[in-house]
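**Student:** okay, sequence plus prediction incoming.
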Amino acid sequence: MRPEAPPFGRIIINISMKIEKWKTLSSEYLIQRPWLTARRDSVELPDGRVHPEYYVLEYPAWVNVIAVTPENRFVMIEQYRHGLGDVFIELVAGVVEDGEEPQAAARRELLEEAGYAGGDWELLTVLSQNPSTTTNLTYCYLARGVVKVADQHLDATEDIAVHLLTEAEVRNLLARDAIKQSLMAAPLWKYLATK
């Protein structure tokens, strides 16, 4: 007889094992620019071993928005991404500015990049792109009932097309791995799985 599987979403943890934090012995900044800050840490592991070169990337907090119109259309954007050298369909996203609250940043980005505002907002999930090497979190919002209120107000380096997609079209993009940004695909999957 097979053992019964744990309920969906339940995590089984071996509580007899205690994971301890590492101790930072020293830090040195290698580069500090508005969009790239990298440091090299020397760290001591709980068992006393020293790792003299552990690299960490520091970023500000990020936001993204699953924006849905009253007609149940997803407000998605399309833009070129130089890292992979191609054009991709994405959620509206951006950086949380100094002193700005994440939801305020998400609302600002939706207005600037797509010209949409309003609706009912909730925090859907908070993710890290890679907790082993990056310091920031991404706040993923769900905004239901957003409406077009303005033209785009893009940064000098932004060239963004706005698309209104059906749920079936979004599911198809996800199923084909066409949404490459994992910090966008994960909240979309969560929303579609739990709505």
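**Tutor:** It's in.
**Student:** pairing partners for the residue nearest to Glu113 when sequence neighbours are not counted in the sheet, please.
**Tutor:** Distance criterion CB to CB, 6 or more residues apart in numbering; nearest residue to Glu113, sequence neighbours excluded, is Val92 at 4.8 Å. All C-beta spots, glycine's among them, are computed from the backbone N, C-alpha and C. Beta-bridge pairing for Val92 (DSSP bridges): Val65.
**Student:** quick one: Val92 and Leu110 touch, right?
**Tutor:** Yes. With contacts counted by CB atoms under 8 Å, Val92 reaches Leu110, the gap being 4.9 Å.
**Student:** out of those two, which sits in the busier spot?
**Tutor:** Leu110 (29 against 26; other CB atoms under 10 Å).
**Student:** export the helix or strand hosting that one to CSV, keeping only CA atoms.
**Tutor:** Following DSSP states H and E, one finds Leu110 within helix 102-114. C-alpha atoms of helix 102-114 as CSV (Å, rounded to 0.1, in the frame of the first residue of the first chain):
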residue,chain,number,x,y,z
PRO,A,102,5.5,48.9,-3.7
GLN,A,103,1.8,49.3,-4.6
ALA,A,104,2.3,52.9,-5.4
ALA,A,105,5.2,51.9,-7.7
ALA,A,106,3.0,49.2,-9.4
ARG,A,107,0.2,51.7,-10.0
ARG,A,108,2.7,54.2,-11.4
GLU,A,109,4.2,51.7,-13.7
LEU,A,110,0.8,50.5,-15.0
LEU,A,111,-0.1,54.1,-15.8
GLU,A,112,3.3,55.0,-17.4
GLU,A,113,3.8,51.8,-19.5
ALA,A,114,0.2,51.1,-20.5
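**Student:** now do the same contact list for Glu90.
**Tutor:** 76-79, 179, 181, 184 (CB atoms under 8 Å, 6 or more residues apart in numbering).
**Student:** redo that, cut-off 6 Å
**Tutor:** By CB atoms under 6 Å, 6 or more residues apart in numbering, the contact set of Glu90 is 77, 181, 184.
**Student:** all strands of this protein, in order?
**Tutor:** In the chain, the strands defined using DSSP state E lie at 23-33, 36-44, 50-58, 62-68, 74-81, 86-90, 92-95, 116-117, 120-127, 138-144, 147-148, 161-165.
**Student:** out of the ones you listed, nearest to Leu192?
**Tutor:** Closest to Leu192 of the strands of the chain is strand 62-68 (CB to CB; 9.5 Å).
**Student:** what packs against that closest one?
**Tutor:** Using 3 or more CB pairs under 6 Å, 6 or more residues apart in numbering; DSSP states H and E, the elements in contact with strand 62-68 are helix 102-114, strand 138-144.
**Student:** contacts for that strand next, please.
**Tutor:** Against strand 62-68 from outside (CB under 6 Å, 6+ apart): 74-75, 91-93, 102, 105-106, 110, 116, 138-144, 146, 184, 191.
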